[in-house]
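**Student:** coords please:
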Amino acid sequence: MEHGDHETPRRVKLRKLLRKLPVKKGQRELVGGGAVAFAYRIMGMLFTYGLMLAIARRFGPEGNGYYNLFTAWMAVLGMLATLGLSSSNVRSVAEYRAKGEWGRLLPLHKGVLRAVIPFSLLISLLFLAWRGMASKGLVGDAGLPGPVMLAMALVMPFTALLLVNVEFIRGTKRVAVSELLRSPAGLGLTLLAVLVLSGNVMTPVMASATATATCALFAFYLVRRYIRLLVTKNQAPPLGVNMREHFALALPMMITALASSLNGRLDTIMLAWYRPSDIIGIYGNAVKISIAIEFVIGAIKTIAMPKIAEMYHSGKRTELRETLDYASKLVFWTTAPVSVLLLLFAEPIMGVLGPEFVAGANVLRIMTVAHFISASSGMVGAFLNMTGGQVVFSRIVLAAVALNVVLNLLLIPPFGMMGAATAAGITLSLWNIAGAVVIYRKHGINMYYIPWVTKHKSSHGDHVQ
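**Tutor:** Modelled structure (predicted):
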């Protein structure tokens, strides 16, 4: 255990248990941390699908449509509002941990917030101005009702604050806390409000906005508390942080994160230009169900990002390669069965939400295949961002955004939901494959695992089965 880490008796017990497993240290941390993250992601998944079902039953496809539009836009704009500093926080905090430079944590956190909060407020004001002009017919509303736009403007600073602090917490290796605040906490509060409150189709949107603000304030409190504890425990003197260097690191990460987020929501946003909100509700729910495939890789990525940065910058290339090999096999064998179930039983799965939602069954099938390809590519984005490949990765994802826009413009008008799903599926698959190719050519690491076909090698040339 590194100096400065804090472990509860439960974590100590888990660590001792994992030592008995026939895996190496990096793999044990991946399994142990990933297990905690996975548990919270399972909780988040249950809340997501419970919320989806509750909205569908209480407010119908239209209520789902407004909620899906709100969350899609907030995911994209929230990432923009952080200026990429949420992603760079993980890497920088991990590096400070490895070097024992605890005195840099508070200056880093203050510097990030001084940039993010004003910028997020500016985005809120621009959205309010857009809403005002749209209500007068001066500009288009991009398929967004006025109340949805108002909710977006009000919650924008809180969304940015939450993203920055969650990633800061993850950088300190408090995976359980970061994962709880990233998804389950907000979704659980939103679900509770949707079940309890009466209202109209805007109720889920307002509930989500309130839950986000609550989690953001709590995350800010936790980060400041963690920093005080680490600085006091390690008796760390204050150290300066060059924010210009931090922004230079964050810029390509912002481009990548924004483009990645846009790639994942562009289909929903552009579908709203051509189809009514009830279609958005059906489509968005099919996409959310397909994302179940990505839960395992998402949980592993949460613990792996700071670990990748730590191993890479410490020169532990063999351990890094073996850990990634292990992760790719773990992801394949946990996602393949889920993919098969979604492909075979798409109609009854969608029918649980209501008979009108069965129309999204083929959308579910297309997105299932795409997400399986994405998950099987391993931690492409995490690896490139944590090992200095953020510029190359940003170019790949930007190219994918351009392709996504073109495909959506060509396919959505004639084919509707199926066109949006096809565009999203092609784009998602291609950019993950391209990232895996770059990693293989530069580092000699095969991010994919195909049973009985793929051969992973250690840095000494030994096959890792």
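
**Student:** looking at this, M418 is in a helix?
**Tutor:** Yes: looking at M418 with DSSP: H, G, I helix; E, B strand; the rest coil, it is inside a helix.

**Student:** gap between it and G425?
**Tutor:** Going from M418 to G425 by C-beta to C-beta, to the nearest Å gives 10 Å. Backbone N, C-alpha and C define where each C-beta goes, glycine included.

**Student:** check V177 too.
**Tutor:** As for V177, its distance to G425 is 34 Å (criterion: C-beta to C-beta).

**Student:** so those two - more neighbours on which side?
**Tutor:** A direct count of neighbours by other C-beta atoms under 10 Å for V177 and G425 places G425 higher, at 23 against 20.

**Student:** what's the pLDDT at the nearest residue to the more buried one once chain neighbours are set aside?
**Tutor:** Excluding its sequence neighbours, the residue lying closest to G425 (C-beta to C-beta, 6 or more residues apart in numbering) is A370, at 3.5 Å. If you check A370, the pLDDT there is 91.

**Student:** can you name the next helix or strand after the one helix or strand A370 maps to?
**Tutor:** Taking DSSP states H and E as the definition, A370 sits inside helix 361-376. Reading on from helix 361-376 to the C-terminus, the next helix or strand found by DSSP H and E is helix 380-386.

**Student:** quick check: mean pLDDT across the helix or strand just after that following helix?
**Tutor:** Moving toward the C-terminus from helix 380-386, the next helix or strand (DSSP H and E) is helix 390-415. Helix 390-415 shows an average pLDDT of 90 in the prediction.

**Student:** now for helix 390-415, which elements pack on it?
**Tutor:** When contacts are defined as 3 or more C-beta pairs under 8 Å, 6 or more residues apart in numbering; DSSP states H and E, helix 390-415 sits against helix 243-274, helix 380-386, helix 417-443.

**Student:** and that helix with helix 417-443, angle?
**Tutor:** Interaxial angle of helix 390-415 relative to helix 417-443 (axes from the mean of the first three to the mean of the last three C-alpha atoms, to 10 degrees): 160 degrees.

**Student:** which helices and strands does the helix or strand containing L341 pack with?
**Tutor:** L341 belongs to helix 317-344 when assigned by DSSP H and E. Applying 3+ C-beta pairs under 8 Å, 6+ apart, we find helix 317-344 packed against helix 25-81, helix 295-313, helix 361-376, strand 456-457, strand 463-464.

**Student:** and the angle for the helix or strand following the first one with helix 25-81?
**Tutor:** Past helix 25-81, further along toward the C-terminus, the next helix or strand under DSSP H and E is helix 85-99. Calculated by the same axes, to 10 degrees, helix 85-99 forms an angle of 150 degrees with helix 25-81.

**Student:** and helix 85-99, how far from the chain's centre?
**Tutor:** 17 Å (C-alpha atoms, centre = their mean, to the nearest Å).

**Student:** helices or strands up against it?
**Tutor:** helix 105-135, helix 146-171, helix 243-274, helix 295-313, helix 380-386.

**Student:** switch to 7 Å and redo it
**Tutor:** Here helix 85-99 touches helix 105-135, helix 146-171, helix 243-274, helix 295-313, going by 3 or more C-beta pairs under 7 Å, 6 or more residues apart in numbering; DSSP states H and E.

**Student:** what lies in contact with that helix?
**Tutor:** Helix 85-99 is contacted from outside by 2, 102, 104-105, 108, 112, 115-116, 163-164, 167-168, 170-172, 246, 249-250, 253, 257, 305-306, 309-310, 313-314, 385-386, using C-beta atoms under 7 Å, 6 or more residues apart in numbering.

**Student:** all set now, cheers.
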